[in-house]
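Peer 1: Predicted model follows, preceded by the sequence.
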Amino acid sequence: MRDTHHLPFLLGCLAALLLLPFVLQATGSSYLISTATRLVVFAIAAVSLDLLIGYTGLVSFGHAAFLGVGAYTVGILSFHAYEDTTLIGLPGTLSGLVAIPLALALSALAALIVGALSLRTRGVYFIMITLSFGQMLFFLFVSLEQYGGDDGMMMFEGRNRLPLLDLNDRISFYYFCLAWFVLFFWFCTWLVRSKFGRTLAAIKQNQDRLSSIGINAYWAKLQVFVIAGVGAGLAGALSANHTEFVSPALTHWTRSGDLMIVVILGGMGTLVGPVLGTFLFLLLEEFLPLILRGLGLGLLSEHWRFVFGPILILVVLYAKTGLYGLIFPRRG
């Protein structure tokens, strides 16, 4: 990210994202605006996970739990607004000025609790305890029968409401999500370049050596864990608004696996890489079944991941820096 040759690429990508809705409308493919919105939202979650995996060396298999916290916060507030009931004495609301900040706050609280306990472990034990916490939250949401249980719940009142902006308009909502993505990406770029970012890099390289010079690695890891959890919670809140539906499937460990695949595919520890990985992953998810069906491979079209798996293996074996490394090969 520090090399100047990245800047034209990033500006070009931003320009493409800004023009994308108009291009899709002009080509009669406006239905893909929803897919583009999903790409932007999923990229926020992927970048947040890269802070843990790529920059700090923390492999979390429960990251999707914070997606669920953000999504269910928005969904539950919408549910009580529709039913005109209260939750612990407080009314529901459709105001985005209340729902989204509250989703971020509760995601931060959940990440603080999970991180405070999980970060006392390392290696495979950390992986397993984050997986356990993720599944605990999954079964918690499944048990909430009032909010649909395993079937999830619809947001019958539609998306959150903001002054001067109609989020029910898909183009307006796309730009709303894009603005959040740009803001979060810029924040993460600033973070990894700061002194705190160098501390994270030192933790990844040798945590014991860092502790020996008087820096508390535990608190640094807890801080980045909370920041990553807030990023995932933001993606969850936007996802709930996008689909107008909330389900426990958002918190399942397979969703965490998808995020991890995206980070590896794009390139860990780059920030740009997870965005590229998200783009490729969602394009394959959207169009690979159609391509396989067109080739007469209808059976494989329903199991497109069977084809995607070898692609990921080839990337891991021959492009260890992911798509980012193919676009920006290391110099010298």
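Peer 2: Perfect, I can see it now. Residues are numbered from 1 along each chain as shown.

Peer 1: Would you mark the buried spots in the helix or strand where Leu317 lies?
Peer 2: Leu317 is part of helix 305-318 when elements are defined by DSSP states H and E. The neighbour-count check on helix 305-318 (16 or more other CB atoms under 10 Å) flags Val307, Phe308, Val315 as buried. In this view, the C-beta of every residue, glycine as well, is placed from N, C-alpha and C.

Peer 1: Which single one of those residues is nearest to Met268?
Peer 2: Taking CB to CB as the measure, Met268 lies nearest Val315 of the buried residues of helix 305-318, at 11.7 Å.

Peer 1: I figured the closest one was touching Val263, is that so?
Peer 2: No. Contact between Val315 and Val263 fails when scored by CB atoms under 8 Å: they sit 11.8 Å apart.

Peer 1: Show me what the strand or helix carrying Cys188 is packed against.
Peer 2: If you go by DSSP H and E, Cys188 is part of helix 170-193. In terms of contacts (3 or more CB pairs under 8 Å, 6 or more residues apart in numbering; DSSP states H and E), helix 170-193 is packed against helix 6-26, helix 33-56, helix 217-243.

Peer 1: what secondary structure does Val59 sit in?
Peer 2: When classified by DSSP: H, G, I helix; E, B strand; the rest coil, Val59 comes out as coil.

Peer 1: pLDDT score for it?
Peer 2: At Val59, the predicted lDDT confidence score is 92.

Peer 1: Can you get me a residue count around it?
Peer 2: Residues lying near Val59 (other CB atoms under 10 Å) number 15.

Peer 1: quick one: contacts for it?
Peer 2: Contacts for Val59 (CB atoms under 8 Å, 6 or more residues apart in numbering) come out as Leu52, Ile53, Phe126, Ile127, Met260.

Peer 1: Most widely separated two among the residues you listed?
Peer 2: Applying CB to CB across these, the maximum distance is between Phe126 and Met260, 13.8 Å.

Peer 1: coming back round to it: need the worst-confidence member of the buried residues of helix 305-318.
Peer 2: Out of the buried residues of helix 305-318, that is Val315, at 73.

Peer 1: how much space between that residue and Tyr324?
Peer 2: Using CB to CB, to the nearest Å, Val315 is found at 11 Å from Tyr324.

Peer 1: Please tell me the pLDDT value assigned to the nearest residue to Leu112 once chain neighbours are set aside.
Peer 2: Using CB to CB, 6 or more residues apart in numbering and skipping residues adjacent in sequence, the residue nearest Leu112 is Val226, 5.3 Å away. pLDDT for Val226: 97.

Peer 1: give me the number of residues near Val226?
Peer 2: Val226 has 21 nearby residues by other CB under 10 Å.

Peer 1: mind listing what it touches?
Peer 2: Ala108, Ala111, Leu112, Gly115.

Peer 1: Run a quick neighbour tally on Leu11.
Peer 2: When neighbours are counted by other CB under 10 Å, Leu11 comes out with 10.

Peer 1: What is the helix holding Leu317 packed up against?
Peer 2: Secondary elements touching helix 305-318 (3+ CB pairs under 8 Å, 6+ apart): helix 253-266, helix 272-294.

Peer 1: right, and the helix or strand after it?
Peer 2: helix 322-327.

Peer 1: What helix or strand is the spatially closest residue to Thr86 that is not a sequence neighbour located in?
Peer 2: Nearest-residue entry for Thr86: His80, 6.5 Å, with adjacent residues in sequence omitted and distances by CB to CB, 6+ apart. Following DSSP H and E, one finds His80 within helix 64-83.

Peer 1: Please apply the same query to Gly62.
Peer 2: Going by DSSP H and E, Gly62 is not in any helix or strand.

Peer 1: And it, how far from Ala228?
Peer 2: Gly62 is 11 Å from Ala228, by CB to CB.

Peer 1: Neighbour count for those two, which is higher?
Peer 2: Higher neighbour count among Gly62 and Ala228: Ala228, with 28 against 23, using other CB under 10 Å.

Peer 1: can you pull the contacts of that one?
Peer 2: With CB under 8 Å, 6+ apart, Ala228 has these contacts: Ser48, Leu49, Leu51, Leu52, Ser60, His63, Phe66, Ala111.

Peer 1: Report the contact partners of the first one.
Peer 2: Going back to what we said before, that points to Ser48. Residues near Ser48 by CB under 8 Å, 6+ apart: His63, Phe184, Cys188, Ile227, Ala228, Gly229, Val230, Gly231, Ala232, Leu234, Ala235.

Peer 1: What's the separation between the fifth one and Gly68?
Peer 2: According to CB to CB, Ala228 and Gly68 sit 15 Å apart.

Peer 1: do Leu17 as well
Peer 2: 26 Å.

Peer 1: Asp151 too?
Peer 2: 15 Å.

Peer 1: higher neighbour count, those two?
Peer 2: Gly68 (30 against 11).

Peer 1: related to what we said a few turns ago, would you convert the contacts of Val59 into TSV that also reports distance to Val23 and neighbour count?
Peer 2: Listed next are these as TSV, based on distance: CB to CB, whole Å; neighbours: other CB atoms under 10 Å:
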residue	distance to Val23	neighbour count
Leu52	34	25
Ile53	33	21
Phe126	43	19
Ile127	41	17
Met260	31	20
